[in-house]
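**Student:** Need a 3D model of the sequence below.
(one chain, ligands or ions: 2)
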Amino acid sequence: METADVVAEELLYVEAELQDVQDQIKALLDRQEGLHKRQSELKALLEECEASKSTAQVDSSVATDDWSADFEWDSRAEDIRFNVFGISSYRANQREIINAVMSRRDVLVIMAAGGGKSLCYQLPALLCDGVALVVSPLLSLIQDQVMGLTTLGIPAYMLTSTTSKEHEKLIYKSLEKGEGELKVLYVTPEKISKSKRFMSKLEKCHHAGRLSLIAIDEAHCCSQWGHDFRPDYKNLGILKIQFPTVPLIALTATATYKVQVDLMEMLHIPKCVKFVSTINRPNLFYKVHEKSSVGKVVIDEIADFIRGSYSKNESGIIYCFSRKECEQVAKELRGRGISADHYHADMDVIAREKVHLLFVIHHSLSKSMETYYQESGRAGRDGLPSECVLYYRPGDVPRQSTMVFYENAGLQNLYDIVRYCQSKRNCRRGAFFQHFGEPIQNCNGHAKVIVSLLREIQENDQRATMLQLVERFKVKIKELGDSIQPVSDLKKEELEQLIVQLLLEHVLKEEFQHTAYTTNSYIALGSLSKLVLQGKKSVMLEICTRRHEDGMPKSAKRGRMSGLEIKFDELRKELSSSNEGMLPHAILSTQQISILSTQKPTSITHLQKLIGKVKTEKYGKRIIELIEHHLKSEQVDDDVSGAASGSKSEGNKKQKKKHTVLIESSEEEQ
Ligand SMILES: Nc1ncnc2c1ncn2[C@@H]1O[C@H](COP(=O)(O)OP(=O)(O)OP(=O)(O)O)[C@@H](O)[C@H]1O
Ligand SMILES: [Mg+2]
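**Tutor:** Ligands and ions are numbered 1, 2, ... in the order given. Here you go, the predicted model:
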């Protein structure tokens, strides 16, 4: 019997060891797979680098690559920039892009939202003879652009499902015979892929040498790897095949390297000149705030933040996880005296963008860095300092992961933004540990307990969500008592943070299980869990120091608008409502308002020097009237100085302004 016991015991050991070897093999296989994937990515990258090197060599003999050099169209371009668009100087890369398009090269532009991509094709469209074709994905974006160009006196039209037969005829005639005025034609991608008639007219236009350029706006919609794939964009490759000699410019605010490669291939522009401006917009101040697990507290904090940082006539947008949450957050903010409304699908994009956004708050985690940049990029489109705040709590991770795990690289993208949040959040513990000179917490003890606990759970054929794991961890710690190395007490939120960190480091992984109603995320052992138990992997919890409560330096903050600036702001809003669809800041940008308010021009010639010819012709009279009126009232104020402050504040009171906050869901819109 004794022998049997010994044998049985050894058998157990061997089986345990076999299990161990099995696990190691699995971990190695996982690693191998990861490395293979990376290998092919790197190979593709290398090929791409070599290809672009050789392209550059080939091209340099044909055309100059110095896009900031002097070109023959320089003075005409300057004239149009200032006198038609009313833009006093180019922003980064704009002039170079325009020069490349004018040199008839294909161009790929990656430029931050609000960076000024439109000018890069609109200006060449005016410089060239003939018609420029612009493909844009959304009807409302097209209407907005056409309206903007029309007010600048530029013959721009759109051909969409809403275009009347009469207008359509006019446009077709113009394409076919070059009759009438047509400089810029906007279409949705469906026109290219579905309307043979349109394509044949376009062909004729090209044949007569009148198709000057093709622009593809929001070009990331072409790629399945992008965040906003549109099936009809996939067919746009036909344009370069049909019109190989016409320069094609593709523009987008977000494109990962993979998407860029994809775009060049799909649009058939392998030799395009690529302009990538930094995604980093210097006027946007990003920060991550710790999010309480109590819903009402989060709203209190958001309301305090808005009231504390912004005056009542300033607006922003808040992104929430779901539509239901949007409605809830809007309601609760209204209850705290903040004018807030949630976004409905029938609210037009124009209406959304009409409010000038000074801040973008994420009440919940976005699903990727790309989405986050896109959404937060709506802030500060006038180039002035603006804030983007993300409220993060580890508990939101499974909420998102169960939504994105089936997407291509969905989890990978989500973990990227989680990594960003984990390292950037303002952490209360940070303040504590920094005080003791310990900004990074060694969490090996905790990690070991979590891994062995999870192993136990799995051995019993059970599963645990993040929340359940945290609960069981606490029980376990109590059970173990002093029998293990002292493990300091971590709060629930901190344990969640640690679990998320372990997910990011492949010590743990998420597994998804579907029920009829929902998908659940469970925490399982990841490929590197063994290393933690063996003490071969050290787990550090990155605890960042508490930043200044405010990410935006006080000096960078917008000053409150002066009285005259407020009047200009109202004037542009008034003009915008009488020019339906025209954005207020397209009528007068905030920078222009600021210049006008300091210089106070009272003659047309002076005004023209500040805002260009077209805007002066259109709005000059009203602007000068406003300035003269303002100067007069200042005079009166000075004369009766005692009553002056009263009348001024009354003026302000009359505006009865409130914070305008739009609450929008990150959920996909159908
Ligand atoms: N050089 C410039 N100086 C001042 N304002 C500019 C300049 N270029 C563009 N703008 C203004 O910046 C604003 C944003 O421009 P635009 O709509 O072209 O941005 P975008 O890059 O297309 O952004 P999105 O990705 O959101 O579509 C517009 O009001 C435009 O008039
Ligand atoms: Mg744009």
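**Student:** Every contact and neighbour count from this point should use C-alpha atoms.
**Tutor:** OK.
**Student:** who's in contact with the residue nearest to the spatial centre of the chain?
**Tutor:** Centroid check for the chain by CA atoms, centre = their mean gives Q374 as the closest residue, at 1.1 Å. Residues near Q374 by CA atoms under 8 Å, 6 or more residues apart in numbering: A113, A253, T254.
**Student:** Go again with 7 Å.
**Tutor:** Applying CA atoms under 7 Å, 6 or more residues apart in numbering to Q374 gives the contacts A113.
**Student:** Just the element for it, please.
**Tutor:** Q374 belongs to helix 369-376 when assigned by DSSP states H and E.
**Student:** residues of that helix that come out buried?
**Tutor:** Residues M369, E370, T371, Y372, Y373, Q374, E375, S376 are the ones in helix 369-376 that count as buried (16 or more other CA atoms under 10 Å).
**Student:** so what's P270 closest to, chain neighbours aside?
**Tutor:** Excluding the flanking residues, the one nearest P270 by CA to CA, 6 or more residues apart in numbering is M264, at 5.4 Å.
**Student:** Name the residues of the helix or strand the one you found falls within that are buried.
**Tutor:** Secondary structure assigned from DSSP H and E places M264 in helix 257-266. For helix 257-266, the neighbour count (16+ other CA under 10 Å) marks V259, Q260, V261, D262, L263, M264, M266 as buried.
**Student:** and what of stretch 616-630?
**Tutor:** T616, G620, I623, I624, L626, I627, H630.
**Student:** Disregarding residues adjacent in the polypeptide, which is nearest to the first one?
**Tutor:** Sequence neighbours aside, Q608 is the residue nearest to T616 in space, at 5.6 Å (criterion: CA to CA, 6+ apart).
**Student:** So what does D23 have for phi and psi?
**Tutor:** phi -60, psi -40 (degrees, to the nearest 10).
**Student:** tell me the pLDDT at it?
**Tutor:** pLDDT recorded at D23 is 82.
**Student:** check contacts around it.
**Tutor:** By CA under 7 Å, 6+ apart, the contact list for D23 is empty.
**Student:** Could you check how far it is from G526?
**Tutor:** For D23, the distance to G526 equals 10 Å [CA to CA, to the nearest Å].
**Student:** Give me the common contacts of these two.
**Tutor:** When CA under 7 Å, 6+ apart defines a contact, no residue borders D23 and G526 alike.
**Student:** picking up where we left off before, could you check the distance from the residue nearest to P270 over to ligand 1?
**Tutor:** Separation of M264 from ligand 1 (CA to the nearest ligand atom, to the nearest Å): 19 Å.
**Student:** L384 too?
**Tutor:** 11 Å.
**Student:** which non-adjacent residue is nearest that residue?
**Tutor:** In space, L384 comes closest to N283 once its chain neighbours are excluded; the distance is 5.8 Å by CA to CA, 6+ apart.
**Student:** Tell me both backbone torsions, phi and psi, for the one you found.
**Tutor:** phi -90, psi 0.
**Student:** Please report how far it lies from ligand 1.
**Tutor:** Distance from N283 to ligand 1, by CA to the nearest ligand atom: 13 Å.
**Student:** same deal with N235?
**Tutor:** Counting by CA to the nearest ligand atom - N235 and ligand 1 are separated by 22 Å.
**Student:** Pull the number of nearby residues for H585.
**Tutor:** By the criterion of other CA atoms under 10 Å, H585 has 20 neighbours.
**Student:** The one 10 residues further on too?
**Tutor:** Residue neighbour count, defined by other CA under 10 Å, stands at 15 for I595.
**Student:** State the helix or strand in which it lies.
**Tutor:** helix 590-599.
**Student:** Tell me which residues are up against that helix.
**Tutor:** With CA under 7 Å, 6+ apart as the test, helix 590-599 has contacts from D382, L564, E565, F568.
**Student:** Of all pairs in those, which one is the farthest apart?
**Tutor:** Farthest pair in those (CA to CA) is D382 and L564. Separation: 18.2 Å.
**Student:** so what's the one residue in the stretch 451-600 of the chain that gets nearest to ligand 1 closest to, chain neighbours aside?
**Tutor:** Closest to ligand 1 within the stretch 451-600 of the chain is A586: 5.0 Å, counting by CA to the nearest ligand atom. If the residues on either side of it in the chain are set aside, A586 comes closest to G148, at 7.0 Å by CA to CA, 6+ apart.
**Student:** where does the one you found land in three-state SS?
**Tutor:** helix (DSSP: H, G, I helix; E, B strand; the rest coil).
**Student:** buried ones in the host helix or strand of R197?
**Tutor:** According to DSSP H and E, R197 maps onto helix 196-207. Neighbour-count burial for helix 196-207 flags F198, M199, K201, L202, E203, K204, C205, H206 (criterion: 16+ other CA under 10 Å).
**Student:** Not including adjacent chain positions, what is the nearest residue to the fourth one?
**Tutor:** In space, not counting the residues next to it along the chain, L202 is nearest to L175; the distance is 6.3 Å by CA to CA, 6+ apart.
**Student:** Am I right that the one you found is in contact with C205?
**Tutor:** Yes - taking contacts as CA atoms under 7 Å, L175 lies within contact range of C205: 5.1 Å.
**Student:** helix or strand right after the helix or strand encompassing Q19?
**Tutor:** If you go by DSSP H and E, Q19 is part of helix 2-62. Going down the chain from helix 2-62, the next helix or strand is helix 74-79, by DSSP H and E.
**Student:** what's in contact with the next helix or strand along the chain from that next one?
**Tutor:** Per DSSP H and E, helix 74-79 leads on to helix 94-102 as the next helix or strand towards the C-terminus. Outside helix 94-102, the residues that touch it by CA under 7 Å, 6+ apart are W67, S68, V107, C120, P124, P247.
**Student:** ok, so of those, who is nearest R463?
**Tutor:** Nearest to R463 among those: V107, at 51.9 Å, using CA to CA.
**Student:** beta partners for the closest one?
**Tutor:** Beta-bridge partners for V107, by DSSP bridges, are I249, V273.
**Student:** so where do the strands sit in the stretch 151-300 of the chain?
**Tutor:** Per DSSP state E, counting those that start in this stretch, the stretch 151-300 of the chain carries strands over the ranges 156-159, 184-187, 211-216, 248-252, 273-276, 284-290.
**Student:** so can I have JSON lines of those strands showing distance to V298 and mean pLDDT?
**Tutor:** Formatted as JSON lines, the strands of the stretch 151-300 of the chain follow (distance: least, CA to CA, whole Å; pLDDT from 0 to 100):
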{"stretch": "strand 156-159", "distance to V298": "44", "mean pLDDT": "95"}
{"stretch": "strand 184-187", "distance to V298": "43", "mean pLDDT": "97"}
{"stretch": "strand 211-216", "distance to V298": "41", "mean pLDDT": "98"}
{"stretch": "strand 248-252", "distance to V298": "34", "mean pLDDT": "95"}
{"stretch": "strand 273-276", "distance to V298": "37", "mean pLDDT": "92"}
{"stretch": "strand 284-290", "distance to V298": "9", "mean pLDDT": "87"}
